[in-house]
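Next one to model:
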Amino acid sequence: MAAQSRDSGETLAAAKLAKLRVCLTLSAEQEKYWQALENTARDLAKSRYARRNEVRQARAQATKGKEPVDIASRILDRAKGLRASADRAEKFANAAKPLLDSLNPGQKRWFGILLRCSARRRTRVRRRRVGLTRFLQRAKARAAAK
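This is a model prediction of the structure:
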């Protein structure tokens, strides 16, 4: 799978933000809270795509040398990624709070629906990728056993 470029990631994030903004149909009072949320979301998307590409490049370098996988460093890298993800979630929640407080119940429902849809899609893609990897590993093992 090719690494997603930073520009395409930022474009995707901008499209998701535009979709959210259109679906929420913000009032003039709510618009003043939108900019802080949008800026934070864009910054977080940039850092997420930068981290993703950094990890992919590091893994590509590690596989070039055909050295055995250092399990401890992989676990530490995963912990670092989880901390970064938690920090991003906290920043987004802090930026979204003033806007969420000003939304009516219908807008809050749309906000939640759109965020969940995005999260579900990422989870499905991740599961599909892991499933394909496991399938290929089992196929190689079966071929080697024959």
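
State the number of residues packed around Ile75.
10 (other CB atoms under 10 Å). (C-beta placed from N, C-alpha, C; glycine too.)

same thing with the one 3 residues further on?
Applying other CB under 10 Å, we find 11 other residues in the vicinity of Arg78.

Not counting residues beside it along the chain, what's closest to the spatially most central residue of the chain?
Computing the C-alpha centroid of the chain and ranking residues by CA atoms, centre = their mean puts Arg48 first, at 6.2 Å. Computed as CB to CB, 6 or more residues apart in numbering, the closest residue to Arg48 that is not its neighbour in sequence is Arg88, at 6.7 Å.

Next one: the one you found relative to Ala50, how far apart?
Per CB to CB, to the nearest Å, Arg88 is found 12 Å from Ala50.

Leu136 now?
28 Å.

One more: Leu100?
Leu100 is 27 Å from Ala50, by CB to CB.

the more surrounded of those two?
Comparing Leu100 with Ala50 by other CB under 10 Å, the one with more neighbours is Leu100, at 16 against 12.

what's the pLDDT at that one?
pLDDT, Leu100: 91.
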